[in-house]
Each structure stands twice: as C-alpha cells, then as structure tokens.
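Novice: please work out how this folds:
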Amino acid sequence: MLTRLEHGERVAGIKQTRRALRDGRAKVVFLARDADPALTQPLALLAQEAGVPVQWADAMGELGRACGLAVGAAVAALI
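Specialist: Predicted coordinates:
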C-alpha cells in the first residue's frame, strides 16, 4: 500500500495535503491511524468531497518513513 507513496510524487503534512486536495492534484490521501482524529477527520472529509480515495497507515512513523521523513506524518498524499 505505502510502496506507491515511497516511489511516487507526494506531499506530506496537513497544509500541503489540504492544498493538494483543493488544487485537484491529490490522487490518494494517506492517513495515520494513530494520529489525532481532530487532524485526520477534516482531511478525510475533504478527500471524500473531492472524490479522492483514502487509505490508512497503521502508524505515523510508518507513513513518515514512506515519505522519506525522519519523523512521523499524520497525513500524506500521492500527487
């Protein structure tokens, strides 16, 4: 699941993912299950409204590593 994110063009973080959704660039949104729902739920709704599929990662650390980050990520998007 996350291999597409590892090898594709992506953005990570709340602001960049929101911007990608609003600009119509996001193809898939990834959310971490252990992230604060106050952060992830608004983006899940925005993705649903935009017709963009949402996939869940088990942990922020896993999602961050898939994005090439040394820290965890609550959200990311394949663009």
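
Novice: what sits against the residue nearest to Gly8 when sequence neighbours are not counted?
Specialist: Ranked by C-beta to C-beta, 6 or more residues apart in numbering and with sequence neighbours excluded, the top spatial neighbour of Gly8 is Leu78, at 5.1 Å. Placement of C-beta: from N, CA and C, glycine included. Contacts for Leu78 (C-beta atoms under 8 Å, 6 or more residues apart in numbering) come out as Arg4, Leu5, Gly8, Glu9, Arg10, Ala26, Lys27, Val28, Phe30.

Novice: kindly report the same for Gly13.
Specialist: Applying C-beta under 8 Å, 6+ apart, we find Gly13 in contact with Ala73, Ala74, Val75, Ala76.

Novice: relative to Gln55, which of those residues is nearest.
Specialist: In terms of C-beta to C-beta, no member of the contacts of Gly13 lies closer to Gln55 than Ala76, at 9.9 Å.

Novice: for stretch 56-67, which outside residues touch it?
Specialist: For stretch 56-67, the external contacting residues (C-beta under 8 Å, 6+ apart) are 1-3, 5-6, 10, 12, 30-35, 70-76.

Novice: what's the PyMOL line that selects buried ones from those residues?
Specialist: Per 16 or more other C-beta atoms under 10 Å, the buried members of these correspond to this PyMOL selection:
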select buried, resi 2+5+10+12+30+31+32+35+72+73+74+75+76
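
Novice: for the nearest residue to Cys67 once chain neighbours are set aside, phi and psi?
Specialist: Leaving aside its sequence neighbours, Cys67 sits nearest to Ala12 (C-beta to C-beta, 6+ apart; 4.3 Å). Dihedral pair for Ala12: phi -130, psi 150, per degrees, to the nearest 10.

Novice: so Ala12 is in contact with Val71, correct?
Specialist: No: using C-beta atoms under 8 Å as the test, Ala12 is too far from Val71 to be in contact (9.6 Å).

Novice: what is the most widely separated pair among the contacts of Gly13?
Specialist: For the contacts of Gly13, the maximum inter-member distance is 8.5 Å, found between Ala74 and Ala76 (C-beta to C-beta).
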